[in-house]
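Participant: Please work out how this folds:
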Amino acid sequence: MFNRLKNFFSKIKDLSGTVDSYRQDSIIQSLPTVAYVNQAKKLVEERDFEAAEVILKKALDISTQDALVYKYLGKISEYRANYEDAMNYYQISARISPQDKEIWLRLGLMRLNCGQIDESIRAFEKADKVTPFNTDVKTGWGMALMKQNKYALARDKFVEASRISKYNYTAILLSAIMEIRLGDFDSADLKLAFLAKVAPNESSTYEYANLKLLKNDYSAAEKFAKKSIEINKQMLPAYLVLGEVYSRQNDIENAEKIFQKALFNDLDCARLHLEWGKAYLRFFDFEKAEIELSKAVEMNENFLEAKTVKSLVDALNGDFELLDSLKERNGGNVYVQEAMGLEYLASCKFEDAVDMFKKALRSDKRRIYNWLYLARAYRELNNKDKTKEYFEKFTLECPHYVQGYVEYAKWLMSISDYADAQRKLRKAEKLDSNNIDLLNLLFFTSYTLVKESNCDYNIKEAISLADKIKDLGRFDYEQEYAELESILVNIHRTS
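Facilitator: Modelled structure (predicted):
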């Protein structure tokens, strides 16, 4: 007790070197800790946090019941990103002075940063009672609701915040993000268009680019994603939007360039390789997709999204081991659904495959290569109408995929529709004029269609195609070639 009193009076003596300096520092002369707080406040404003913390801890030796001491210790911890310490200090300050107009807001934000979402909401509720029309309180409250995936309630709080202050651009941005998640694209577009004019930054321009991507407006998505990167070259999400924009337009050159640019700007991470792998999936380059997805999983073995996408690539290669570990808990994931459909196909469970591919399309209608999988399933079910329907849908929406035409043509040949098979193969030839497998099939359809037509021109065209194939390498139809030559000779004899 004696030592405590001695220390107490010593602190007062140190604090009050002169009456004048004491009065200058202290607002309420009856409370010596106030002088410490005022000194610390100045140091905090000068960002000398270490000196400020020393002074505030001296104040605690005088009194442990001064809310301002804990409040400023909390501010120092917050500046240092020590959110748990800040939360603890703010909590003590709020208990001592619950009517402080700022303390519940700070406490709510720190609890939010520490993942204590329910407690954070309770703090914001108390803050709202103390300062009922505070735009920052509404914004923080909305952020906590957003963490709970209560998007409609969160949007309402952000809207309230922006009504209180039309300059709260963060609240406007967050309300737009909530509207995107709620599917209200038009309302989100209005807000993001406004921000793009009055307060463009890397976040608002990225979100606008992402919205335009969701609306399939690739030109606008590209424009705003590039603007986001111009503002901040470290804005990784904007690179990923551009990668998806280019891959959805089958622009492999620009897609690879943008991912390489992200690497050049030190943005190498699992997320980058995941999106890179997904882009290669859209290009039907499964080998490169597997490489990028394996990198993503190696960089973060707990990255569930990367594993779900990789399970699809593995399934395309006939490997269902990773899928087995995912399908029970992640059956709602579209990549897992597609992989399961492929597993059903491999197991000859064709009806189940059809159901699963349709389920994947309901999960994401943009995943149109499920139409190719459906065509394969219906082909095995001998349903000609459905097989043709889904091959048609796929080749119309993916006109750049050569193997889609080839697979369609082979099926048409199997049902003796050589004329249509020839049309599909000619479209494919325009994309890959030196594909030997494709050209051999095209020759066979031509041979089948012209061998009984006795049309000199068509027979010569088929023979010319065969000569081209021979120059390229492997030719599979020597007997049919000889037959056409014989038919041509007979035509000339009788003419």
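
Participant: Only the buried residues of the helix or strand hosting Asp128, if you could.
Facilitator: Per DSSP states H and E, Asp128 falls inside helix 117-130. Of all the residues in helix 117-130, those buried under the rule 16 or more other CB atoms under 10 Å are Ile117, Glu119, Ser120, Ile121, Arg122, Ala123, Phe124, Lys126, Ala127, Asp128, Val130. (C-beta placed from N, C-alpha, C; glycine too.)

Participant: do stretch 65-83 as well
Facilitator: 66-78, 83.

Participant: Output that stretch as CSV - backbone C-alpha positions only.
Facilitator: Output in CSV follows, covering the C-alpha atoms of stretch 65-83 (Å, rounded to 0.1, in the frame of the first residue of the first chain):
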residue,chain,number,x,y,z
GLN,A,65,-11.0,3.9,-14.4
ASP,A,66,-10.4,6.6,-17.1
ALA,A,67,-12.2,5.6,-20.2
LEU,A,68,-10.2,7.9,-22.4
VAL,A,69,-6.9,6.2,-21.5
TYR,A,70,-8.3,2.9,-22.7
LYS,A,71,-9.8,4.5,-25.7
TYR,A,72,-6.5,5.9,-26.9
LEU,A,73,-4.7,2.7,-26.1
GLY,A,74,-7.3,1.1,-28.4
LYS,A,75,-6.6,3.6,-31.1
ILE,A,76,-2.9,3.0,-30.9
SER,A,77,-3.5,-0.8,-31.2
GLU,A,78,-5.9,-0.2,-34.1
TYR,A,79,-3.3,1.9,-35.9
ARG,A,80,-0.8,-1.0,-35.5
ALA,A,81,-3.4,-3.5,-36.7
ASN,A,82,-3.4,-5.2,-33.4
TYR,A,83,-7.2,-5.6,-33.6
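
Participant: what does it contact?
Facilitator: Contacting residues not belonging to stretch 65-83 are listed as 31, 33-34, 36-37, 40-41, 44, 47, 49, 52-53, 56-57, 59-60, 63, 85-90, 92-94, 96-97, 100, 102-103, 106, 110, 113-114 [CB atoms under 8 Å, 6 or more residues apart in numbering].

Participant: for stretch 155-168, same thing?
Facilitator: 133-136, 138-139, 141-142, 145, 171-172, 174-175, 178-179, 182.

Participant: Can I get the buried part of those as one ChimeraX selection?
Facilitator: Of those, the buried ones go into a single ChimeraX selection, burial set by 16+ other CB under 10 Å:
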select :134,135,136,138,139,141,142,145,171,172,174,175,178,179
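
Participant: now, which of the contacts of stretch 155-168 lie within helices?
Facilitator: Of the contacts of stretch 155-168, the ones assigned to helices by DSSP state H are 135-136, 138-139, 141-142, 145, 171-172, 174-175, 178-179.

Participant: Distance to Lys215 added to those, as JSON lines?
Facilitator: Listed next are the ones in helices among the contacts of stretch 155-168 as JSON lines, based on distance: CB to CB, whole Å:
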{"residue": "Thr135", "distance to Lys215": "30"}
{"residue": "Asp136", "distance to Lys215": "32"}
{"residue": "Lys138", "distance to Lys215": "28"}
{"residue": "Thr139", "distance to Lys215": "26"}
{"residue": "Trp141", "distance to Lys215": "29"}
{"residue": "Gly142", "distance to Lys215": "24"}
{"residue": "Leu145", "distance to Lys215": "26"}
{"residue": "Ala171", "distance to Lys215": "23"}
{"residue": "Ile172", "distance to Lys215": "19"}
{"residue": "Leu174", "distance to Lys215": "20"}
{"residue": "Ser175", "distance to Lys215": "18"}
{"residue": "Met178", "distance to Lys215": "17"}
{"residue": "Glu179", "distance to Lys215": "13"}
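
Participant: Between which two of those residues is the distance greatest?
Facilitator: Asp136 and Glu179 (21.0 Å; CB to CB).

Participant: ok, Ser247 - contacts?
Facilitator: Taking CB under 8 Å, 6+ apart as the test, what Ser247 contacts is Ala255, Lys278, Ala279, Tyr280, Arg282, Phe283.

Participant: Among the residues you listed, which one sits closest to Ile368?
Facilitator: Arg282 (9.9 Å).

Participant: what about the residue lying closest to that closest one once chain neighbours are set aside, is that helix, strand or coil?
Facilitator: Of all residues not flanking Arg282 in the chain, Ser247 sits nearest, at 4.4 Å (CB to CB, 6 or more residues apart in numbering). What DSSP: H, G, I helix; E, B strand; the rest coil gives for Ser247 is helix.

Participant: Distance check, Ser247 against Lys101.
Facilitator: 51 Å (CB to CB, to the nearest Å).

Participant: same question, Leu281
Facilitator: On the measure of CB to CB, Leu281 and Lys101 end up 53 Å apart.

Participant: One more: Asn383?
Facilitator: For Asn383 relative to Lys101 (CB to CB), the value is 70 Å.

Participant: ok, now Lys261?
Facilitator: Lys261 is 47 Å from Lys101, by CB to CB.

Participant: Show me which of these two is the more surrounded one.
Facilitator: Comparing Lys261 with Lys101 by other CB atoms under 10 Å, the one with more neighbours is Lys261, at 15 against 11.

Participant: Out of the buried residues of helix 117-130, the closest to Pro200 would be?
Facilitator: For the buried residues of helix 117-130, the nearest to Pro200 is Phe124 (29.0 Å; CB to CB).

Participant: Out of the buried residues of stretch 65-83, list just those in helices.
Facilitator: Residues of the buried residues of stretch 65-83 located in helices (DSSP H): 67-78, 83.

Participant: can you put the residues you listed in CSV and add pLDDT and distance to Leu323?
Facilitator: Shown next, in CSV, are these (pLDDT from 0 to 100; distance: CB to CB, whole Å):
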residue, pLDDT, distance to Leu323
Ala67, 93, 57
Leu68, 93, 59
Val69, 94, 58
Tyr70, 95, 53
Lys71, 95, 53
Tyr72, 94, 55
Leu73, 95, 52
Gly74, 95, 49
Lys75, 94, 50
Ile76, 95, 50
Ser77, 95, 46
Glu78, 94, 45
Tyr83, 95, 39
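
Participant: ok, back up a step: please tabulate the contacts of Ser247 in a markdown table, including the columns neighbour count and distance to Phe443.
Facilitator: Listed next are the contacts of Ser247 as a markdown table, based on neighbours: other CB atoms under 10 Å; distance: CB to CB, whole Å:
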| residue | neighbour count | distance to Phe443 |
| --- | --- | --- |
| Ala255 | 24 | 34 |
| Lys278 | 23 | 37 |
| Ala279 | 25 | 35 |
| Tyr280 | 23 | 32 |
| Arg282 | 23 | 31 |
| Phe283 | 17 | 28 |
